[in-house]
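*Asks:* Here's my sequence, what's the structure:
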Amino acid sequence: MPEDHEQSVVRRKKLQALRARGVNPYPNDFRPDHTADDLHARCEGLAEAALASIAPVRVAGRIVGLRDFGKAGFLHLQDRAGRIQVHARRDRLSEAAFELYRTFDLGDMVGVGGRPFRTRTGELTVEADDVRLLAKVRRIFRTRAAVVAYLRSFLAARDYVEVETPMMQPIPGGAAARPFVTHHNALDVDLYLRIAPELYLKRLVVGGLERVFELSRVFRNEGLSTRHNPEFTMLEFYQAYATYEDLMVLTEEMLSGLARDVTGGTAVEYGGEAIELAPPWPRRTMVELVAEQAGVPAERLLERDAIAALAARHAIAVRPEMSAGHLLGALFEVLVEPGLVQPTFVTQFPVELSPLARRNDHDPRFVDRFELIVARQEIANAFSELNDPEDQRARFEEQRRARAAGDLEAHVMDEDYLRALEHGLPPTAGEGIGVDRLVMILTGATSIREVILFPHLRPEPQT
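*Replies:* Residues are numbered from 1 along each chain as shown. As a prediction, the model looks like this:
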């Protein structure tokens, strides 16, 4: 039985036991009179005698720490403003209240009445005279709200206009992903939940909105994992008369400022590792990084036979239709990405992996693109946009051939977008940032399910 299912069974049994004793596990009559920060501020600098003279207080929050020693124990409650410790003792609480305390679990929302004091280690603590079981809010979602607010204000301050583009699209475009399909009854046409707003945002740049952004849900019909949810939040923004190099500077400023705003500094801990978000961040080409990890000369990675042999040695399935660029991307995912912990801009992607990006002027085998990798996962993807309609058509044709050969994530031909390009897309750079993964990094959450209020979960087996 899965661990979370076992925990659910235990919780339901505790709820049944509480109801059997006449305890309402979801009351609505407890009113705290202090937040954690209020209480800390009120008691700061007070001697024990002064603390003892304070009238009983009432606090409430979610249990984020729980230490039980049999006849006594400590709780850490997190409310909207901060954290406070609670001491629960058998000889101070009523028998019923102490038995209720013994049913508490991490994550429960509780209310406590009692007097403040300091432990021998000097920590401000509420000595519980009464405890109540209440309901459930998480710090992580307040942080998420602050992240979204900061991103919007950062871009608005730089003259970006927030827009809304269609959620349902006749052609799924803007990324390599399988779409969800729906049907419009009135029009009798199939539509696709968007996998990215990219092509619509670039249409707006063609139409004269030189700086635009959208912060919204996108949908990709892919697997579930600690880093993937089929419905997730993405920030996409586009700036005319800019390059991907300009966006590297902008991204450093935006994300380091965001970290300071929501965490108080640029150093965060994720998965037990210290991550420093203060710029500047390294800029390394994909070829350099793969060559470094594989221990081969960089020029060998541009030869199809040589890179195919290297890929096979690293257990990568090599198919005849895979070019040197495809194999380079696969080797990067196997050899390099798992070792990139600190923020790193990976630049110069093969053109085969980037059907919407502008070719590099000095080496047309590559495009002017970067991915930002932090804590072994992609956080952002950006490039100088391809604005040559003939080159874009040729890329779409190549993607169509790949799709016909069985690649269900290959881009679909989009004639309407090609017509937009023919009207003239100015030199433009665009970027997409995964908001859920960004919140994970800033809060230390190791699963995307922890930062989404209603994540998609596998159905429980019916018994």
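*Asks:* Check which helix or strand the nearest residue to A146 once chain neighbours are set aside maps to.
*Replies:* Distances taken as Cβ to Cβ, 6 or more residues apart in numbering place V262 nearest to A146, at 4.7 Å, with adjacent residues excluded. In this view, the C-beta of every residue, glycine as well, is placed from N, C-alpha and C. V262 is part of helix 244-263, with elements assigned from DSSP states H and E.
*Asks:* Tell me which helix or strand the residue of the chain most remote from its centre sits in.
*Replies:* Largest separation from the mean C-alpha position in the chain: A49, at 47.5 Å (Cα atoms, centre = their mean). Element membership of A49, judged by DSSP H and E, is helix 48-52.
*Asks:* chain center to that helix: distance?
*Replies:* Its chain's average C-alpha position is 45 Å from that of helix 48-52, according to Cα atoms, centre = their mean, to the nearest Å.
*Asks:* what is the mean pLDDT for that helix?
*Replies:* What helix 48-52 shows for mean pLDDT is 89.
*Asks:* Who are the contact partners of E397?
*Replies:* M413 (Cβ atoms under 8 Å, 6 or more residues apart in numbering).
*Asks:* what does stretch 95-103 contact?
*Replies:* 14, 17-18, 21, 23, 68, 73, 88-90, 93, 128, 130-133.
*Asks:* So which of those residues wins on neighbours?
*Replies:* The most crowded member of the contacts of stretch 95-103, judged by other Cβ atoms under 10 Å, is A88 (27 neighbours).
*Asks:* in the sheet, who's paired with it?
*Replies:* G73 (DSSP bridges).
*Asks:* residues contacting it?
*Replies:* Applying Cβ under 8 Å, 6+ apart to A88 gives the contacts A72, G73, F74, L75, F98, Y101, A128, V131.
*Asks:* Can I get those residues in JSON lines including distance to V287 and pLDDT?
*Replies:* As requested, the contacts of A88 are exported to JSON lines (distance: Cβ to Cβ, whole Å; pLDDT from 0 to 100):
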{"residue": "A72", "distance to V287": "62", "pLDDT": "93"}
{"residue": "G73", "distance to V287": "57", "pLDDT": "92"}
{"residue": "F74", "distance to V287": "54", "pLDDT": "94"}
{"residue": "L75", "distance to V287": "54", "pLDDT": "92"}
{"residue": "F98", "distance to V287": "65", "pLDDT": "91"}
{"residue": "Y101", "distance to V287": "60", "pLDDT": "90"}
{"residue": "A128", "distance to V287": "62", "pLDDT": "95"}
{"residue": "V131", "distance to V287": "61", "pLDDT": "92"}
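*Asks:* Just give me the closest of these to G122.
*Replies:* Nearest to G122 among the contacts of A88, counting by Cβ to Cβ, is F74 at 14.3 Å.
*Asks:* Let's verify the nearest residue to that closest one once chain neighbours are set aside: helix, strand, or coil?
*Replies:* Spatial nearest neighbour of F74, chain neighbours left out: R67 (4.7 Å); criterion: Cβ to Cβ, 6+ apart. Three-state call for R67 (DSSP: H, G, I helix; E, B strand; the rest coil): strand.
*Asks:* who does the strand or helix carrying E127 touch, helix- and strand-wise?
*Replies:* Counting by DSSP H and E, the element that carries E127 is strand 124-133. In terms of contacts (3 or more Cβ pairs under 8 Å, 6 or more residues apart in numbering; DSSP states H and E), strand 124-133 is packed against helix 36-43, strand 83-89, helix 95-101, strand 109-118.
*Asks:* Check the contacts of stretch 95-103 and tell me the two furthest apart.
*Replies:* A17 and R89 (22.3 Å).
*Asks:* Parallel or antiparallel, list what pairs with the strand holding E127.
*Replies:* In its sheet, and by DSSP bridges, strand 124-133 pairs with strand 83-89 (parallel), strand 109-118 (antiparallel).
*Asks:* residue contacts, the closest residue in space to L408 that isn't next to it in sequence?
*Replies:* Nearest residue to L408 in three dimensions, chain neighbours excluded: R178, at 5.4 Å (Cβ to Cβ, 6+ apart). By Cβ under 8 Å, 6+ apart, R178 lies in contact with R220, N221, E222, L408, E409.
*Asks:* Which element, helix or strand, includes the third one?
*Replies:* Per DSSP H and E, E222 falls between elements, in no helix or strand.
*Asks:* Surely it is in contact with N229?
*Replies:* No: look at E222 against N229 with Cβ atoms under 8 Å: they stay out of range, at 9.1 Å.
*Asks:* which residues in the stretch 151-300 of the chain form strands?
*Replies:* Secondary structure of the stretch 151-300 of the chain (DSSP state E, counting those that start in this stretch): strands located at 161-162, 168-169, 181-184, 189-193, 211-219, 231-240, 267-270, 273-276, 283-285.
*Asks:* Which one of these lies nearest to L425?
*Replies:* L425 sits nearest to strand 231-240 of all these, at 8.4 Å, using Cβ to Cβ.
*Asks:* Against which helices or strands is the closest one packed?
*Replies:* Applying 3+ Cβ pairs under 8 Å, 6+ apart, one finds that strand 231-240 makes contact with helix 139-156, helix 198-206, strand 211-219, strand 428-434, helix 435-443.
*Asks:* cutoff 7 Å now
*Replies:* Other helices and strands packing on strand 231-240, by 3 or more Cβ pairs under 7 Å, 6 or more residues apart in numbering; DSSP states H and E, are helix 198-206, strand 211-219, strand 428-434, helix 435-443.
*Asks:* quick one: contacts of the third one?
*Replies:* Applying Cβ atoms under 7 Å, 6 or more residues apart in numbering, the contact partners of strand 428-434 are 196, 198, 202, 205, 232, 234-240, 242-244, 246-247, 251, 379-385, 387.
*Asks:* circling back: and the contacts of A88, which is closest to Y192?
*Replies:* Lowest distance from Y192 to the contacts of A88 (Cβ to Cβ) belongs to L75, with 48.6 Å.
*Asks:* Neighbours of the closest one, how many?
*Replies:* Around L75 there are 26 other residues, counting by other Cβ under 10 Å.
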